[in-house]
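Peer 1: sequence first, then the predicted structure, then my questions.
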Amino acid sequence: MVNMEWLEKYAELLVRIGINVQKGQTIVLAVPVESADFAHLLQKRAYAAGAREVVLRWIDEVAARITYDLADDAIFDEFPEWSKQFFNGYADKGAGFLSIVASDPEIMKGIDPKKISRSMKVRSKALEYFRMRQMSNKNTWCVASIPSAAWARKVFPGLSDEKAIEKLWEAIFKSVRIDQADPVQAWRDHQRALTQRMDFLHASAFTALRYRSGLGTDLTIRLPENYIWAGGGETCPEGYVFIANMPTEEVFTLPHREGANGKIVSSLPLNHNGSLIEDFWFSFKDGLVVDYGAARGLDTLKEMLETDEGSRRLGEVALVPYDSPISNQRILFYNTLFDENASCHFALGKAYPSCVKGGDEMSPEQLLAAGVNDSLIHVDFMIGTADLSITGIKADGSEVPVFIKGNFAPGIDG
């Protein structure tokens, strides 16, 4: 049975620290239909924090699966104008977007990856303006998770639904520090640790990072000029801080779109659009994926890479210690929000413009010239291991250890 005191604290944390509701602000709340009780709890907390309106957007992945199975094929190349106006309209009004994810990791198993890719591509094109506002932090946003029966069964096979859900709740609460005496203070302390890591990385002014792991990762990435490390809280134009991912353990920036050379081998499966990709790898030359493979989900991987030219390039590099509240649970969540925060990772596709100085105000052409990748996708995948080493390379060629045996090198964390 879920700990109701912790559940209340979790809702409060998401509203006050995650999306950081401001007085008079509209909040668009996306929640799975089976989680209506938690949606109503969040709704009440948001109004208590001063929200002007909480707009509920119900997510039904079973209905989505039925649509992929039975709908006319032509609809997967269409995106409704009313939905585009919904997202863009609320974004223009300064709304915050709080999304609760509880997906079945294999809900789309057996569906033609081309059909899903077509649908995701047309959606991404229609919502380019909305995505730009989010990735530039012009609107506050937060993504968090709660258990579903299907997800819990995947994470904890062999248990009853009730027991699996209970264990997944416990894992989520630990991941977001709800199990600590004062979760809000715990997050403030966590932010200070992330800031210390970012201060070290900024002061080091690395021009490149070199990755090595026993799985076969052997990659060097070049960093663009005027890049910025980010992590934990983000600041919106109005000047207040929100946390886009709960949990979050990463500090991240962007690689130069033409700066990746070598091989990356995944360390965890990737749940992409309801399909699992396992034991996959990429080879890069001058930033572009020139070869790739997967033990499972190769067709899904192929469709992802063929989204557009930018989907074959890296848009994010994130550093996450192997020793963290998520990784230490030794649970494979089959959920990128958690698995990416248990492991160093990269992302294929669109880069965050906010990770380069002045990027939020640059035109697409200026961003491209600065080495900032653009794409209709942004897909995180995990590469961190207990033996991962990362070396920072400076402009004069000198080298500094950043990661040793999966964690930040001694001295970086104080």
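Peer 2: Yep, it's here.

Peer 1: contacts and neighbour counts: CA atoms only from here.
Peer 2: OK.

Peer 1: low-confidence ranges, the chain, go.
Peer 2: For the chain, the stretches with pLDDT under 70 are 414.

Peer 1: residues touching the residue nearest to the spatial centre of it, list them.
Peer 2: In the chain, the C-alpha closest to the average C-alpha coordinate belongs to residue 337, at a distance of 5.3 Å (Cα atoms, centre = their mean). If a contact means Cα atoms under 8 Å, 6 or more residues apart in numbering, then residue 337 has 143-144, 245-247 as its contacts.

Peer 1: among those residues, who's most crowded?
Peer 2: Neighbour tally across those (other Cα atoms under 10 Å): the maximum, 27 neighbours, falls on residue 247.

Peer 1: wait, a strand at that residue?
Peer 2: No - using DSSP: H, G, I helix; E, B strand; the rest coil, the assignment for residue 247 is coil, not a strand.

Peer 1: residue contacts, it?
Peer 2: Residue 247 is in contact with 144, 175-176, 337-338, 341, counting by Cα under 8 Å, 6+ apart.

Peer 1: if you set the cut-off to 7 Å instead, what comes out?
Peer 2: Going by Cα atoms under 7 Å, 6 or more residues apart in numbering, residue 247 touches 175-176, 338.

Peer 1: now the residues you listed in TSV, with distance to residue 399, neighbour count and secondary structure?
Peer 2: Formatted as TSV, these follow (distance: Cα to Cα, whole Å; neighbours: other Cα atoms under 10 Å; DSSP: H, G, I helix; E, B strand; the rest coil):
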residue	distance to residue 399	neighbour count	secondary structure
175	33	23	helix
176	34	24	coil
338	31	24	helix
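
Peer 1: now render the residues you listed as JSON lines, adding distance to residue 61.
Peer 2: Formatted as JSON lines, those follow (distance: Cα to Cα, whole Å):
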{"residue": "175", "distance to residue 61": "25"}
{"residue": "176", "distance to residue 61": "25"}
{"residue": "338", "distance to residue 61": "20"}
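
Peer 1: hmm, who's touching stretch 30-50?
Peer 2: If you take Cα under 7 Å, 6+ apart as the criterion, stretch 30-50 is touched by 11-12, 15, 21-24, 54, 56-60, 98-100, 102.

Peer 1: in helices only, show me those residues.
Peer 2: With helices defined by DSSP state H, the entries of those inside them are 11-12.

Peer 1: just the buried ones from the contacts of stretch 30-50?
Peer 2: Buried members of the contacts of stretch 30-50, scored by 16 or more other Cα atoms under 10 Å, are 11-12, 15, 21-22, 54, 56, 58-59, 98-100, 102.

Peer 1: separation between residue 133 and residue 384?
Peer 2: Per Cα to Cα, to the nearest Å, residue 133 is found 30 Å from residue 384.

Peer 1: more crowded one of these two?
Peer 2: Neighbour tally, residue 133 and residue 384, criterion other Cα under 10 Å: the higher count belongs to residue 384, 32 against 17.

Peer 1: can you tell me which residues contact that one?
Peer 2: Residue 384 sits next to 267, 343-345, 406 when contact means Cα under 7 Å, 6+ apart.

Peer 1: helix or strand next in line after the biggest helix by length in the chain, which one?
Peer 2: If you go by DSSP H, the chain has its longest helix at helix 183-204. Using DSSP states H and E, the helix or strand that follows helix 183-204 in sequence is strand 208-212.

Peer 1: that following strand - which strands sit beside it in the sheet, and in what orientation?
Peer 2: strand 218-222 (antiparallel), strand 389-393 (antiparallel) (DSSP bridges).
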